[in-house]
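>>> Could you work out the structure for the sequence below:
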Amino acid sequence: MKTVLITGANRSIGFEAARQLLQNGYYVYLGSRDLQKGQQAVDQLQAEGLSQVEPIEIDVTNRASIAAARETLGQKTQVLDVLINNAGILGGMSQPALSSSIDMIKEVFETNVFGVIEVTQAFVDLMRPSPEPRIVNVTSGLGSLTLHTDPSWKYYAVKGAAYMPSKTALNAYTVMLAYELRDTPFKVNAVDPGYTATDFNHHSGPGSVTDAAARLVKAAMLGPDGPTSQFFSDDNAPETGISPW
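All right, here's what the predicted structure looks like:
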């Protein structure tokens, strides 16, 4: 049975991705910053008959928490097949380039970029024994520099000095990571779940959590001939599924 760790999985897209991977026969370690909330999410899934799941306490902005989670997971399994770096924050709703707080921008980067890097570095050794290791970095279409400079893009006016650059940086890290692991079985990709109605955006998005999670699951379940170092976005590129960087 393949195993997967999903950060920030006690609700919304991460939670639905956990559900779908359980339905596909994976054993899910449901990462949550708050262990009690993680357990509540696990209880809900188990009530649905999805039993191969347990919570893992992990705060991606806390180095000690990441180390503790790695130790805990290492005691439970010798192999981690999939890592989905899903935990992320938006920051303030208004993020003007000339007046956004540096502290707010740093806070967003701590979760969306540095947290992903620290978690990946902490767990990659547990993934190396897997015959088909997969790393999925949950990004946003708003991280595309190409599209942000195209006035015809439907989200051209949606700008921000913290969240959008954090996802651009995450995309860049994904490329660097995929390159470093290019001669291994790893597949490393960035996935835009689309503009989805969640607590994250006050349920303003038109997309469903089910469809958003399915995009993550698709990348998590890539076969040996699947792509790596890609920026998947059905929202930005409905014909090809590959977004410009």
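>>> which residues sit against the biggest helix by length in the chain?
Secondary structure assigned by DSSP state H gives helix 163-180 as the longest helix of the chain. For helix 163-180, contacts defined as CB atoms under 8 Å, 6 or more residues apart in numbering pick out 90-91, 95, 105, 108-109, 112-113, 116-117, 120, 135, 137, 139-140, 142-145, 148, 158, 186-190, 228-229, 231, 245. (Glycine included, C-beta is placed from N, CA and C.)
>>> doesn't Ala41 fall inside a helix?
Yes. The assignment for Ala41 by DSSP: H, G, I helix; E, B strand; the rest coil puts it in a helix.
>>> which residues does it contact?
9-11, 15, 18, 30, 32, 55.
>>> closest to Val82 among those residues?
Ala18 (11.2 Å; CB to CB).
>>> Just say helix, strand or coil for that closest one.
Taking three-state DSSP, the label given to Ala18 is helix.
>>> wouldn't it be in contact with Leu30 here?
Yes. When contacts are counted by CB atoms under 8 Å, Ala18 is listed as touching Leu30 (5.3 Å).
>>> list residues touching both of those two?
Common neighbours of Ala18 and Leu30, counting by CB under 8 Å, 6+ apart, are 6, 9, 41, 45, 53.
>>> Can you pull the phi/psi pair for Glu57?
phi -80, psi 120 (degrees, to the nearest 10).
>>> Nearest residue to it in space, please, no chain neighbours.
Leu35 (4.1 Å; CB to CB, 6 or more residues apart in numbering).
>>> Same question for Gly8.
Closest to Gly8 by CB to CB, 6+ apart is Ala87, at 3.1 Å.
>>> How about Asp150?
Excluding the flanking residues, the one nearest Asp150 by CB to CB, 6+ apart is Tyr156, at 6.5 Å.
>>> contacting residues for that neighbour?
So Tyr156 contacts 147-148, 150 (CB under 8 Å, 6+ apart).
>>> By neighbours, which of the residues you listed wins?
Neighbour counts for these (other CB atoms under 10 Å) peak at Leu147, which has 20 neighbours.
>>> three-state assignment of that residue?
Three-state call for Leu147 (three-state DSSP): helix.
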